[in-house]
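Visitor: okay, predicted coordinates and the sequence, questions at the end:
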Amino acid sequence: RLASLVSIEEERPFSMGQLIRPLLETEKKELCDYAKEHSILFYEDETNQEVMYLRNRLRHELLPQMKVENPKLNEQLESIRKELSYALGMVEEVILPLYEESVHFFEERCQIDISLYRSYSLNEQHFLLTKIVDECQQRFQLIIGKKQQELIHQLLLDDLPNAKQILKGNWYFLREYNKA
């Protein structure tokens, strides 16, 4: 999802409060130096150095090579991150009224007004369904993968009056005429 490319947020809701990461913009070397200078034990997860994980190969191999080619890579990536963040904010502003108009959550289910969903542009449908999927994950701990999301989108657009798609756990997508 696009939001995952924006990077970790400095502040976000967490459990019953707020998760704040005040040192997120601080370089790791600066943190290590500070800890050493002030005799503070610095802990690093040992897997952070293992290049068997993609995130570490990117961090330890690809990014240093890219920085040799382009010394301003960090600044450019930060600029792209900000632009993407603004774009996602604008998408949220457009999608929120559509979401409030066409989607209703109940104790153990979500209902989508299909006629309204169909009236939206393909772009609006995509981001609306992504928001619904994210909300289902938060409310019901229901994980819907990209392929299942595409299938649900097709079922919402199909002319068949009824359809059923089994999801993970004991969940399913059920379409009955103009509601899903």
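Guide: Structure received. Please read all numbers here as calculations on a predicted model, not as lab measurements. Residues are numbered from 1 along each chain as shown.

Visitor: contacting residues for residue 24?
Guide: 8, 10 (Cβ atoms under 8 Å, 6 or more residues apart in numbering). No exception for glycine: its C-beta is placed from N, CA and C like everyone else's.

Visitor: next, count neighbours for the residue lying closest to residue 47 once chain neighbours are set aside.
Guide: Counting by Cβ to Cβ, 6 or more residues apart in numbering, residue 47 lies nearest to residue 53, which is 6.5 Å off, once chain neighbours are set aside. Counted with other Cβ atoms under 10 Å, the neighbours of residue 53 add up to 13.

Visitor: tell me which residues are up against stretch 44-54.
Guide: Applying Cβ under 8 Å, 6+ apart, the contact partners of stretch 44-54 are 56-57, 60-61.

Visitor: low-confidence ranges in the chain?
Guide: 1 (pLDDT under 70).

Visitor: buried ones in the helix ranked longest in it?
Guide: Ordering each helix of the chain by length in residues (DSSP state H) puts helix 73-102 first. By 16 or more other Cβ atoms under 10 Å, the buried positions in helix 73-102 come out as 85, 88, 91, 95, 98-99, 102.

Visitor: helices or strands up against it?
Guide: Packing partners of helix 73-102 (3 or more Cβ pairs under 8 Å, 6 or more residues apart in numbering; DSSP states H and E): helix 63-69, helix 114-119, helix 122-140.

Visitor: so residue 157 touches residue 120, yeah?
Guide: No. Residue 157 lies out of contact with residue 120 (Cβ atoms under 8 Å); the separation is 10.9 Å.

Visitor: the more surrounded of those two?
Guide: Comparing residue 157 with residue 120 by other Cβ under 10 Å, the one with more neighbours is residue 120, at 18 against 12.

Visitor: quick one: that one from residue 130, how far?
Guide: Residue 120 sits at a distance of 13 Å from residue 130 (criterion: Cβ to Cβ, to the nearest Å).

Visitor: and what of residue 47?
Guide: Distance, residue 47 to residue 130, by Cβ to Cβ: 30 Å.
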